[in-house]
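what follows is a protein structure lacking sequence information:
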């Protein structure tokens, strides 16, 4: 698996990191070129060295690595607890705009954020394949530290397993996120009504296109970067809108799949306006060449929101004012017999089918 | 621009239509643009847009696919082909490796590429191994492959060549329709990219010899609607001619350099089309001077005995390719045959009519 990882990945630790984190870059107790062996998962000395010398050192303060269970500190804000869990496999492990570590933190944090919660804590399970370069694992763990610091979440519990060579994709991650509800109103697909507007917070398809290009030997170079990011700045704005009904991060299956969820649960349907859907030119170009539809490609830093007709424009204006200039109202909930219809710029229509054929196995 | 496309649409709607008109396109790119823009939902019902032979992957002979799979599995070679070729199923007994994608899953070295240059790069990166590039495509794809051949290939790069020409399939439709079936088209939208490379004159025979209105179109809704308007107008006035609606991209004589490269690298030969049979002067064959790179001469022919006409049981891809039936006219469409579990090549390739219709939401009437 490691041969699919680019040879030289830029080391992009920003200067603004806390000292303990940037020290970690230079203070590695592992010799250059060191690799994971099965003994790193056997519970003995090597495993202890890996946990203390890598995970605890980088993920830093607050983790007691010698206890079997951690207490969850009570939340001063005091809202209802919310929990989510997720697993992450991606090839390649590092891609333009992110890596499996930041992807895992963002993915978990974002699931809480779009549910109207403030993420507080994460647990982290790491499945490492025998033979993986420890330096790569370090980069991924540093990325987890950085992403969780940015999102304001702490890592409260963790576990490591080593799987035999050939039985894993380098690194798999499993995370559980805990947060407290901050949305003043309940959110959910069941709250959506006919006439509600569908909004996206930015361009679609960037993550899927970037990972696809990084993985395959397509020889197409483009300015593609994953949009992987924490969506709290977006959801913080949207939960302030009184007419907010529902939010979701359009990961696997993209915008079209969220539209399908809306259509099938409401039994109504969604009309999307092709002209309004933001797709960055490099993404559209790659999709054109490779025959993919960006509406089905994963985003990892976007929010699809459904708002009542009176709240949609104010919400859009608030997002634009906060710098999310690509946010658009892209559709409307209509009585369409449970279907998702794309209206083309000419006024033609085509039905967006439910995603069946996975165009991109293992992108998130 | 939608504005100009809208104008063409208005002009088409204003034309008096005497009778239903079947307009065939012979390019997967055209069919994709038509479906994705929802043009069928915008045009008067008398106008039927029919996808014709426009998918090189769909007509790639079964024996060539077998050969590529077999070499990938049993010779120490790397096989590279365009992404959609990897999933095209061959006819094999249950449990056997039926596609290059399955060969890859079984451990063979198989690469999906997007450009012929990728094959060159992979061959150079692996000088100790033979790389078999399964070249599948029409004129527009074969021209850059010809350039690569003429420029000089690395010694370890071998070609399994399944390249085809576009116009001979249309000539076959018009000149030797199957017994009892007519050609199935009243007008033709000729492929813009092919005309850019080969020149528009190749398509003259359609209006002059057969009296069929013809227009060359590009890939925007605007260009396609202009071409549809052109053939409607030709049909209405009874004046069939070849009109170019792809603007300055198409020049008399096409692209002389590309044509010279094609002539240098390839001879034009009679060639089999999957499920259809042999079409006269419709295939590209590597010229003798490049025999050192002909995979068939350097690797054992292990997929012999397969018939080019072989299609999976019940699969109507060949009739879809010829425009005899629409994708929804195939019994397997949407039931046994879907993109995730394709039976025939038309449901695999991005140029295949079944795949395009399925992706644009068309479902078999019975399936709802």
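Structure's in. What do you need? Everything numeric here is computed off the predicted structure, so don't read it as measured data.

list the helices and strands the strand or helix carrying residue A:141 packs on?
With elements taken from DSSP states H and E, the one containing residue A:141 is helix A:134-151. Using 3 or more CB pairs under 8 Å, 6 or more residues apart in numbering or on different chains; DSSP states H and E, the elements in contact with helix A:134-151 are helix A:19-26, helix A:57-59, strand A:94-95, strand A:98-99, helix A:100-114, strand A:117-129, strand A:154-163, strand A:171-181. (Glycine included, C-beta is placed from N, CA and C.)

of those, which approaches residue B:260 most closely?
Proximity to residue B:260, assessed across the helices and strands packed on helix A:134-151 by CB to CB, is greatest for strand A:94-95 (41.3 Å).

which other helices and strands contact the closest one?
helix A:134-151, helix A:206-215.

give me the pLDDT value at residue A:8.
Note on residue A:8: pLDDT of 35.

how about residue A:168?
What the model reports as pLDDT for residue A:168 is 87.

helix/strand/coil for residue B:95?
Under the three-state scheme (DSSP: H, G, I helix; E, B strand; the rest coil), residue B:95 adopts coil.

next up, the contacts around whichever residue of the stretch 151-300 of chain A sits closest to chain B.
Residue nearest to chain B within the stretch 151-300 of chain A: residue A:291 (3.4 Å; CB to the nearest CB). Taking CB atoms under 8 Å, 6 or more residues apart in numbering or on different chains as the contact definition, residue A:291 lies against B:83, B:84, B:350.

quick one: is stretch B:74-94 near chain A?
Yes - interface with chain A: stretch B:74-94 contributes B:83, B:84 (CB under 8 Å from any CB of the partner chain).

first-to-last residue distance for that stretch?
In stretch B:74-94, first residue to last residue: 19 Å (CA to CA, to the nearest Å).

top of the contacts of residue A:291 by neighbour count?
With neighbours defined as other CB atoms under 10 Å in any protein chain shown, the most crowded of those is residue B:84; it has 23 neighbours.

what's the local residue count around residue 107?
No chain in the question, so chain A it is. Residue crowding around residue A:107 was assessed by other CB under 10 Å; the count is 24.

that's the wrong chain, I wanted chain B
9.

any idea how far residue A:349 is from residue B:37?
In this view, residue B:37 and residue A:349 are 10 Å apart by CB to CB, to the nearest Å.

pick out whichever of those two has more residues nearby.
Using other CB under 10 Å as the criterion, residue B:37 and residue A:349 rank with residue B:37 on top: 26 against 19.

tell me, how many residues neighbour the residue lying closest to the more buried one once chain neighbours are set aside?
With CB to CB, 6 or more residues apart in numbering or on different chains as the criterion, residue B:37 has its nearest non-adjacent residue at 4.3 Å, and that residue is residue B:221. By other CB under 10 Å, the residues close to residue B:221 number 26.

which residues touch residue B:221?
Counting by CB under 8 Å, 6+ apart, residue B:221 makes contact with A:344, A:345, A:346, B:2, B:5, B:33, B:37, B:39.

and it, what pLDDT?
Model confidence at residue B:221, given as pLDDT, is 91.

before we move on, what about residue A:237?
In this prediction, residue A:237 carries a pLDDT score of 96.

what is the neighbour count of it?
20.

and the residue nearest the centre of chain A?
residue A:107 (3.1 Å; CA atoms, centre = their mean).

coming back round to it: which of the helices and strands packed on strand A:94-95 has the lowest average pLDDT?
helix A:206-215 (a mean of 88).

elements contacting that one?
On a contact count with 3+ CB pairs under 8 Å, 6+ apart, helix A:206-215 meets strand A:94-95, helix A:281-290.

any idea which of those is most buried?
Stretch with highest mean neighbour count among the helices and strands packed on helix A:206-215: strand A:94-95 (a mean of 24; mean count of other CB atoms under 10 Å in any protein chain shown).

so the residue nearest to the centre of chain A makes contact with residue A:87?
No - using CB atoms under 8 Å, residue A:107 is not in contact with residue A:87; the gap is 9.4 Å.

between the two, what contacts are shared?
Contact criterion CB under 8 Å, 6+ apart; residues shared by residue A:107 and residue A:87: residue A:175.

remind me which residues of the stretch 251-364 of chain A are low pLDDT?
Within the stretch 251-364 of chain A, the ranges that satisfy pLDDT under 70 run A:357-364.

near chain B, which residues of it?
With the criterion set to CB under 8 Å from any CB, the stretch 251-364 of chain A comes near chain B through A:275, A:289-291, A:293, A:339, A:342-353, A:356-358.

can you flag the buried ones in those residues?
Buried subset of those (neighbour count, 16 or more other CB atoms under 10 Å in any protein chain shown): A:290-291, A:293, A:339, A:342-346, A:348-353, A:357.

sort out for me which of those residues are in helices.
Among those, DSSP state H puts residue A:290 in helices.

and residue B:3, how far is that from residue B:14?
As judged by CB to CB, residue B:3 and residue B:14 stand 17 Å apart.

and residue B:355, what element?
helix B:353-359.

that helix close to chain A?
Yes - Helix B:353-359 reaches chain A (CB under 8 Å from any CB) through B:358, B:359.

for that helix, packing partners?
So helix B:353-359, by 3+ CB pairs under 8 Å, 6+ apart, packs with helix B:28-36, helix B:317-321.

before we move on, back to that, so which of the helices and strands packed on helix A:134-151 is the most packed in?
It is helix A:100-114: most buried of the helices and strands packed on helix A:134-151 by mean count of other CB under 10 Å, with a mean of 28.

now for that one, which elements pack on it?
Judged by 3+ CB pairs under 8 Å, 6+ apart, the packing partners of helix A:100-114 are strand A:81-88, strand A:117-129, helix A:134-151, strand A:171-181, helix A:232-238, strand A:244-248.

if you average the pLDDT over that helix, what comes out?
96.

next, the angle strand A:81-88 makes with that helix.
Counting by axes from the mean of the first three to the mean of the last three CA atoms, to 10 degrees, helix A:100-114 points 150 degrees away from the direction of strand A:81-88.

pretty sure residue A:350 contacts residue B:33?
No - assessed by CB under 8 Å, residue A:350 is found out of contact with residue B:33, at 11.7 Å.

of all the helices and strands packed on helix B:353-359, which one is nearest residue A:44?
Closest of the helices and strands packed on helix B:353-359 to residue A:44 is helix B:28-36, at 58.4 Å (criterion: CB to CB).

contacts for the helix or strand following that closest one?
Counting by DSSP H and E, the next helix or strand C-terminal to helix B:28-36 is helix B:39-42. Residues from elsewhere that reach helix B:39-42 (CB under 8 Å, 6+ apart): A:346-350, B:9, B:33-34, B:49, B:221, B:224-225, B:228.

and the strands in chain B, which stretches?
Applying DSSP state E to chain B gives strands spanning B:21-25, B:47-51, B:77-82, B:109-113, B:130-135, B:157-161, B:187-191, B:214-217, B:242-245, B:266-273, B:277-286.

domain ranges for chain B, per the record?
Domain segmentation of chain B under automatic domain parsing yields B:2-54+B:167-249, B:57-165+B:256-298, B:317-356.

out of the ones you listed, which one sits most buried?
domain B:317-356 (a mean of 23).

look up how far residue B:267 lies from the residue nearest in space to the middle of chain B.
Against the mean C-alpha coordinate of chain B, by CA atoms, centre = their mean, the closest residue is residue B:55 at 2.1 Å. Distance from residue B:55 to residue B:267, counting by CB to CB: 24 Å.

re the thing from before, can you redo the helices and strands packed on helix B:353-359 as a markdown table with distance to residue A:306 and mean pLDDT?
Formatted as a markdown table, the helices and strands packed on helix B:353-359 follow (distance: least, CB to CB, whole Å; pLDDT from 0 to 100):
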| stretch | distance to residue A:306 | mean pLDDT |
| --- | --- | --- |
| helix B:28-36 | 25 | 93 |
| helix B:317-321 | 39 | 93 |
